[in-house]
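Participant: predicted model and sequence below, questions to follow.
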Amino acid sequence: MSITTIIILIIIGVAAGILSGLVGVGGGLIIVPALVYFVAFSQKAAQGTSLGILLLPVGILAVLQYYQKGYVDIKVVLIVSAGFLIGGWLGSKLAVSLPVATIKKIFAIFMLLTALKMLFMDKPVVEKEASKQSLSSDSK
């Protein structure tokens, strides 16, 4: 895994953590699209890896299903989780200092932008059999 990929993964984790702490979103709205667009994961690999980051231990059975099929990248889980931990703390610190109306607006704008991106600017991605294939090309 290249240093550039590691930096991108940390940024994804911090951004997801901040938005999670701020407005309660992270996995489906941040991590999954970011892994698809910035790290070239397939949709399934992004979903499986996101579950690994966010749902352990409560989502262990879902994570195991994705992991058994090769759709969870453990290195990415650990790196993004570290960023998410820091970002979650920063986002929650900001959220508790903001008025509820402001947080609702931030959440609504973020959801709208995400929906517009997915509806109109989504690039077709060739699905790879597992996330490991996409990361192995970075390390060469």
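Facilitator: Cool, the structure landed. Residues are numbered from 1 along each chain as shown.
Participant: can you give me the end-to-end distance of stretch 93-105?
Facilitator: Its start and end residues considered, stretch 93-105 measures 17 Å (C-alpha to C-alpha, to the nearest Å).
Participant: same question for that stretch: list its buried residues.
Facilitator: Going by neighbour count (16 or more other C-beta atoms under 10 Å), the buried part of stretch 93-105 is 95, 103. To be clear about C-beta, it is placed using only N, CA and C from the backbone, and glycine gets the same treatment.
Participant: what's it in contact with?
Facilitator: Stretch 93-105 is contacted from outside by 18, 21, 22, 23, using C-beta atoms under 8 Å, 6 or more residues apart in numbering.
Participant: and with 7 Å instead?
Facilitator: If you take C-beta atoms under 7 Å, 6 or more residues apart in numbering as the criterion, stretch 93-105 is touched by 21, 22, 23.
Participant: just the buried ones from the residues you listed?
Facilitator: Buried among those by 16+ other C-beta under 10 Å: 21, 22, 23.
Participant: which pLDDT does the model give the residue nearest in space to the middle of the chain?
Facilitator: Of all residues in the chain, the one closest to the mean position by C-alpha atoms, centre = their mean is residue 31, 1.2 Å from it. The per-residue pLDDT reported for residue 31 equals 90.
Participant: how near is the residue lying farthest from the centre of the chain to residue 106?
Facilitator: When distances are taken from the C-alpha mean of the chain, residue 99 lies farthest, 26.3 Å away, according to C-alpha atoms, centre = their mean. From residue 99 over to residue 106 the distance is 11 Å, taken as C-beta to C-beta, to the nearest Å.
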